[in-house]
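K.L.:
Give me a 3D structure for the following:
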Amino acid sequence: MSVRAEERAAKREALSGAGPTPEGHEIARNPGAGARFALFGEVLIVGLLITVVSLPLVTLPAALAAGIRHLRRFAAAEESHVRTFFRDLRRALPGGLVVGLIAVVATLVLLLDIDLARSGFLPGGPVIEAVGWAGLAATALVVLTSATLWTPETGWRAAIRATPHALAADPAGTAYLLATVVFAVVVTWVLLPLLIAALGCTALAAMAVPVRPRRRG
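P.N.:
Okay, the predicted model is just below:
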């Protein structure tokens with residue numbers, strides 16, 4: 001094999017994460033994400049799993065946590081079978097149900113406030129409506145970020161406690177996550193079956209945003 005052919009083979013192995021690679025070639029940070037079509041398929045699979053598991057609504061945080069960890073393993077070229085998703089789901093459910101219940105109650109209350117504000121029965125309706133939408137956005141960000149931070153070792157309490165700092169420490173990342181949530185809501189409103197892809201993309205964004213390359217000041 002020629003030197004150039006060996007270099008090309010080494011580059012392919014580095015990108016795939018297979019290794020070992022010769023000196024001077026670094027293994028890709030997220031080798032599993034290099035196969036874009038496979039990544040797209042995995043996003044759809046995770047979106048389907050999250051959708052099915054989240055039908056009771058209160059299970060959404062646990063489903064997101066399991067889906068985000070699944071995509072993180074896939075991107076790192078680690079074991080990412082469907083059974084690993086359900087293994088994480090079983091661990092995330094006990095505390096995740098509490099988080100999900102609180103989130104569902106808060107969402108219903110905020111939606112009721114928005115509806116009342118639009119009815120004209122309350123003084124300062126536009127202000128109340130704006131507060132309601134802000135509350136919905138905050139609820140979505142807390143659920144998504146805490147699901148990203150959740151691990152079986154630390155649990156949901158640690159994830160919730162770390163969420164405000166994580167959101168405040170990365171304003172641009174927070175904006176990206178909020179845009180992702182808005183995108184998911186809009187495409188689902190346009191066509192309900194797109195919920196599967198929307199949830200998969202949301203999990204992918206939650207996994208990728210915290211580890212994205214950033215400019216150093």
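K.L.:
can we go C-alpha only for contacts and neighbour counts from here?
P.N.:
Will do.
K.L.:
Compute the first-to-last residue distance for stretch 76-87.
P.N.:
End-to-end span of stretch 76-87 (CA to CA, to the nearest Å): 18 Å.
K.L.:
Rounded mean pLDDT for it, please.
P.N.:
Computed over stretch 76-87, the mean pLDDT rounds to 85.
K.L.:
just how off-centre is that stretch within its chain?
P.N.:
Chain-centre distance of stretch 76-87: 16 Å, with CA atoms, centre = their mean, to the nearest Å.
K.L.:
Flag every buried residue along that stretch.
P.N.:
Within stretch 76-87, the residues scored as buried using 16 or more other CA atoms under 10 Å are 76-77, 80, 84-86.
K.L.:
Likewise for stretch 116-130?
P.N.:
Neighbour-count burial for stretch 116-130, with 16+ other CA under 10 Å as criterion, is recorded at 117, 125, 128-129.
K.L.:
Identify the residues contacting that stretch?
P.N.:
113-115 (CA atoms under 8 Å, 6 or more residues apart in numbering).
K.L.:
Let me have those residues in a markdown table, adding pLDDT and secondary structure as columns.
P.N.:
Compiled in a markdown table, the contacts of stretch 116-130 are given as follows (pLDDT from 0 to 100; DSSP: H, G, I helix; E, B strand; the rest coil):
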| residue | pLDDT | secondary structure |
| --- | --- | --- |
| Asp113 | 90 | helix |
| Ile114 | 91 | helix |
| Asp115 | 90 | helix |
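K.L.:
which residues of this protein fall in strands?
P.N.:
Taking DSSP state E as the criterion, the chain carries no strands.
K.L.:
Sort out for me which of the buried residues of stretch 76-87 are in helices.
P.N.:
Among the buried residues of stretch 76-87, the members found in helices (DSSP state H) are 84-86.
K.L.:
dump the residue contacts of the spatially closest residue to Thr84 that is not a sequence neighbour.
P.N.:
With sequence-adjacent residues excluded and distances taken as CA to CA, 6 or more residues apart in numbering, Thr84 is closest to His70, at 7.1 Å. The contact partners of His70, by CA under 8 Å, 6+ apart, come to 46, 80, 84-85.
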